[in-house]
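Engineer: Here's my sequence, what's the structure:
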Amino acid sequence: MALSAARIGGTRAAIAVAGVLVAFATASVAWDPRNAPVLVLDLAVGLAFVGLAVVAVPFSVPVTVLSGAVALAWYAGTAWAPAVFWHRGALTWLLLAYPLLRPATRLEGIVAGAAIAISTVPFAWSNPIASAGIATVLGAVAAWSTASIRSRGRAAFTAHLALVAFAALILIGALIDASEAAGTALPFYVAYEITVAAIALALGAVLPRPSASAVADLVIDLDGTPDTSMRERLSRALGDRGVRIAYADATADGFRDADGRPLDPAGPASGRATTPILRSGRPVAIIEHDAASVTAGTLVDAIGSATAAIDEHEHLTAEIAAHVTEVEDARRRLARAADRERSALRSRLRTTVEEPLEGLLGSLRADAAGPAGAAEPADAAELAHAAGHADPADADADAHADADADADEPVDPAAPAADPAAPAAFARTIAILEGALVEVVEAGQGLRPRELDDGLGAAVRVLSERSPLTVDLSPGRGTRYAPEVESAMYAACSEALQNCAKHAGVDRAAVEIADADGSLVIRIRDAGAGGADPSRGRGLRGLADRVRAVGGDVHVESPPGSGTLVELTYRGEPS
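Structural biologist: Sure, this is the predicted structure:
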């Protein structure tokens, strides 16, 4: 578990107080009024590493321990001459291992251990030749490691650079000692102490500070973020460029990263650690990272809290998705039922109203024409294509003309007297019935156009011919779709052409039906005034609702002055 805020504060205070007390004890032992400035600088360097230990408490116990060791070794060298070089071994170990407890490679571990051992032998560092040789080895190892250490994070990279600078400083000191130049000892000593203090400050600046909130946000994003982006963001959050994310392999027991490399079942390399990502109690991913990132438990707690929130979020999301699916299915069922009802009503209207009216009109026309032979009765389709309704006044005029013609014929004395108003009444009755039949036919077309029986392309062709506009039609391949889909698309196309005729201010439009590649797309385009707003027009909203009810979509582009494009889309399977 992560340290509580109270425990962190208490630990920091204890380390700070202990560091100050050790500094005062050192000053009391090594006090010399002649070297007071140098002693103050000495104490400041030790306090710099005490400060690094204090800062690292909630983030890295290894850094706290090793920084404290460097501070103690430094104070020991100030108070006791034989311990003057102890800090070099402790500082070398800290820089090679940073921000962990142990160096990451075997070579670095050997060098760090050797530095600890050599630091206890004053001759090795006080002899210019030996000191130069040791510094050269340290610098070479640090430089070689630096060239290949970027994957281990910014903190380790900075620490290795600091070790290169530290080794160079020791080498310069050895060369100065070998030259026995006068007046150089004090300036070098001051530069040495300032450099060591600067190393402590630099290490504090790059100390990995994993944020629980940042890590939790990343874990929540884990499902929808590409692995490369996730790895980069997690690296920044943890201060570790070597972060690796491995996901559960469905084809085998184990985990693989985005490059297909399996996670080693034996565990991570030295200095690395793994943290599982659990969903509903089972691991779905594993994060391999710097072991220092989870020393205080920050990452573990953040991931645990975040994954619990994810589980609840996924549960709610699944419920919402199920409800949305139910609503969409219900809309489609209603659209299908409404189309079937319109088709049935259209059929009943045909059989119970249209056909009887056609028969009655045929009989009336035959009676009006007399036994000489009546003209063939016009059916409903012919009447529907007729321009307008019959005018009763015209029928009355025709009746009078027929009556005048009949007046010249001989009259059978035995026949009953003819009613002179009968022909006119017959004509008026026929005209009224013809008008009613046209209305019935148009009502049936509104319910479900009869042309849809031959397919959407055929129906839109008839619609284009009846439109007051000149319509350039591309009818498509004739692919058939579910009846409710074709009805909805036809109605939307009809509404779009009507809007074009009413508002576009043009006499021409284009209709393109694209029914290939498993989708149906109808584009109605004009070069008119544009400026159509689907959110305000009830017609556009209505056609959009009807198309979306069957699983389609409507897209309108209508910039002012640049015409209008209405695009109807359906991605379902053909029937």
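
Engineer: Could you list the low-confidence segments of the stretch 51-200 of the chain?
Structural biologist: 147-153 (pLDDT under 70).

Engineer: Kindly recompute the last result at 80.
Structural biologist: Applying pLDDT under 80 to the stretch 51-200 of the chain picks out residues 122-124, 146-153, 180-183.

Engineer: And for the stretch 351-500 of the chain?
Structural biologist: Short version for the stretch 351-500 of the chain, where the test is pLDDT under 80: 353-354, 364-365, 367-428, 430, 433-450.

Engineer: what about the strands in it?
Structural biologist: Taking DSSP state E, counting those that start in this stretch to define them, one finds strands in the stretch 351-500 of the chain at 470-474.

Engineer: Then the chain?
Structural biologist: 244-248, 255-257, 272-279, 282-290, 470-474, 508-514, 520-526, 552-557, 564-570 (DSSP state E).

Engineer: Can you tell me the strand partners of the last one and which way each runs?
Structural biologist: This means strand 564-570. Neighbouring strands of strand 564-570 in its sheet, by DSSP bridges, are strand 520-526 (antiparallel), strand 552-557 (antiparallel).

Engineer: Can you dump the C-alpha atoms of it in PDB for me?
Structural biologist: Extracted as PDB, the C-alpha positions of strand 564-570 are listed here (Å, rounded to 0.1, in the frame of the first residue of the first chain):
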ATOM      1  CA  THR A 564     -28.600  21.800 -52.100                       C
ATOM      2  CA  LEU A 565     -27.500  18.200 -51.900                       C
ATOM      3  CA  VAL A 566     -29.700  15.700 -50.000                       C
ATOM      4  CA  GLU A 567     -28.000  12.300 -49.500                       C
ATOM      5  CA  LEU A 568     -30.000   9.300 -48.400                       C
ATOM      6  CA  THR A 569     -28.000   6.300 -47.200                       C
ATOM      7  CA  TYR A 570     -28.900   2.800 -46.200                       C
END
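
Engineer: would you list the strands of the chain in CSV and tack on mean neighbour count?
Structural biologist: (Each C-beta comes from the backbone N, C-alpha and C, glycine too.) As requested, those are exported to CSV (neighbours: other C-beta atoms under 10 Å):
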stretch, mean neighbour count
strand 244-248, 20
strand 255-257, 18
strand 272-279, 17
strand 282-290, 20
strand 470-474, 14
strand 508-514, 19
strand 520-526, 22
strand 552-557, 17
strand 564-570, 21
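
Engineer: ok, back up a step: I'd like the strands paired with strand 564-570 laid out as a markdown table, including mean pLDDT and distance to residue 322.
Structural biologist: A markdown table is the format used below for the strands paired with strand 564-570 (pLDDT from 0 to 100; distance: least, C-beta to C-beta, whole Å):
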| stretch | mean pLDDT | distance to residue 322 |
| --- | --- | --- |
| strand 520-526 | 92 | 28 |
| strand 552-557 | 90 | 22 |
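
Engineer: Nearest approach to residue 47 belongs to which of those?
Structural biologist: strand 552-557 (69.0 Å; C-beta to C-beta).

Engineer: How about residues contacting the closest one?
Structural biologist: Outside strand 552-557, the residues within contact range by C-beta atoms under 8 Å, 6 or more residues apart in numbering are 485, 488-489, 492, 520, 532, 534, 540, 543-544, 547-548, 564-571.

Engineer: same thing but 6 Å
Structural biologist: With C-beta atoms under 6 Å, 6 or more residues apart in numbering as the test, strand 552-557 has contacts from 534, 544, 547, 565-570.

Engineer: would you list these in a markdown table and tack on pLDDT and distance to residue 450?
Structural biologist: Formatted as a markdown table, the contacts of strand 552-557 follow (pLDDT from 0 to 100; distance: C-beta to C-beta, whole Å):
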| residue | pLDDT | distance to residue 450 |
| --- | --- | --- |
| 534 | 72 | 30 |
| 544 | 81 | 26 |
| 547 | 87 | 22 |
| 565 | 92 | 29 |
| 566 | 92 | 25 |
| 567 | 92 | 27 |
| 568 | 92 | 22 |
| 569 | 92 | 26 |
| 570 | 91 | 22 |
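
Engineer: now for the residues you listed, which pair is the farthest apart?
Structural biologist: Longest span within these, C-beta to C-beta: 534 and 570, 17.9 Å.

Engineer: State the distance from the nearest residue to residue 506 once chain neighbours are set aside to residue 565.
Structural biologist: Nearest residue to residue 506, sequence neighbours excluded (C-beta to C-beta, 6 or more residues apart in numbering): residue 528, at 4.3 Å. Here residue 528 is placed at a distance of 11 Å from residue 565 (C-beta to C-beta, to the nearest Å).

Engineer: cool, and residue 5?
Structural biologist: Between residue 5 and residue 565 the computed distance is 61 Å (C-beta to C-beta).

Engineer: Got the domain ranges for the protein?
Structural biologist: If you go by automatic domain parsing, the domain ranges for the chain are 5-205, 212-296, 335-409+417-447, 450-570.

Engineer: of these, which approaches residue 316 most closely?
Structural biologist: Using C-beta to C-beta, the domains of the chain put domain 212-296 closest to residue 316, at 13.7 Å.

Engineer: residues touching residue 48, list them.
Structural biologist: Residue 48 neighbours (C-beta under 6 Å, 6+ apart): 197, 200.

Engineer: please redo it, this time with the cut-off set to 8 Å
Structural biologist: Contacts of residue 48 (C-beta under 8 Å, 6+ apart): 196-197, 200-201.

Engineer: and if you look at residue 177?
Structural biologist: With contact set as C-beta under 8 Å, 6+ apart, residue 177 has these partners: 128, 131.

Engineer: returning to what we had before: can you tell me which of the contacts of residue 48 are in helices?
Structural biologist: Under the assignment DSSP state H, the contacts of residue 48 contribute 196-197, 200-201 to helices.

Engineer: Dump the strands paired with strand 564-570 to CSV, plus distance to residue 54.
Structural biologist: Shown next, in CSV, are the strands paired with strand 564-570 (distance: least, C-beta to C-beta, whole Å):
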stretch, distance to residue 54
strand 520-526, 68
strand 552-557, 61
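
Engineer: Which of these sits closest to residue 174?
Structural biologist: strand 552-557 (77.8 Å).

Engineer: and the closest one, how far out from the chain's middle?
Structural biologist: Strand 552-557 sits 23 Å away from the centroid of its parent chain (C-alpha atoms, centre = their mean, to the nearest Å).

Engineer: What of stretch 187-204?
Structural biologist: That offset, for stretch 187-204, works out to 48 Å (C-alpha atoms, centre = their mean).

Engineer: right, and residue 60 touches residue 99 too?
Structural biologist: Yes - counting by C-beta atoms under 8 Å, residue 60 touches residue 99, with 4.9 Å between them.

Engineer: Find the nearest non-adjacent residue to residue 71, please.
Structural biologist: residue 49 (4.0 Å).

Engineer: that older thread, quick one: which of the domains of the chain is nearest residue 320?
Structural biologist: Of all the domains of the chain, domain 212-296 sits nearest to residue 320, with 16.0 Å by C-beta to C-beta.

Engineer: What's the mean pLDDT across that closest one?
Structural biologist: Domain 212-296 comes out with an average pLDDT of 66.

Engineer: quick thing: my sequence starts at 25, can you match it?
Structural biologist: All right, first residue 25 from here; so that's domain 236-320.

Engineer: quick revisit: let's have the ones in helices among the contacts of residue 72 in JSON lines, adding distance to residue 528.
Structural biologist: Supplementary listing: these in JSON lines, determined by distance: C-beta to C-beta, whole Å:
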{"residue": "220", "distance to residue 528": "82"}
{"residue": "221", "distance to residue 528": "79"}
{"residue": "224", "distance to residue 528": "77"}
{"residue": "225", "distance to residue 528": "73"}
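
Engineer: Just the buried ones from those?
Structural biologist: 220-221, 224 (16 or more other C-beta atoms under 10 Å).

Engineer: And the residue nearest to residue 530, how far from residue 491?
Structural biologist: In terms of C-beta to C-beta, residue 552 sits 14 Å off from residue 491.

Engineer: Which residue of the two possesses the greater neighbour count?
Structural biologist: Neighbour comparison, residue 552 and residue 491: the larger count goes to residue 552, with 22 against 16 (by other C-beta atoms under 10 Å).
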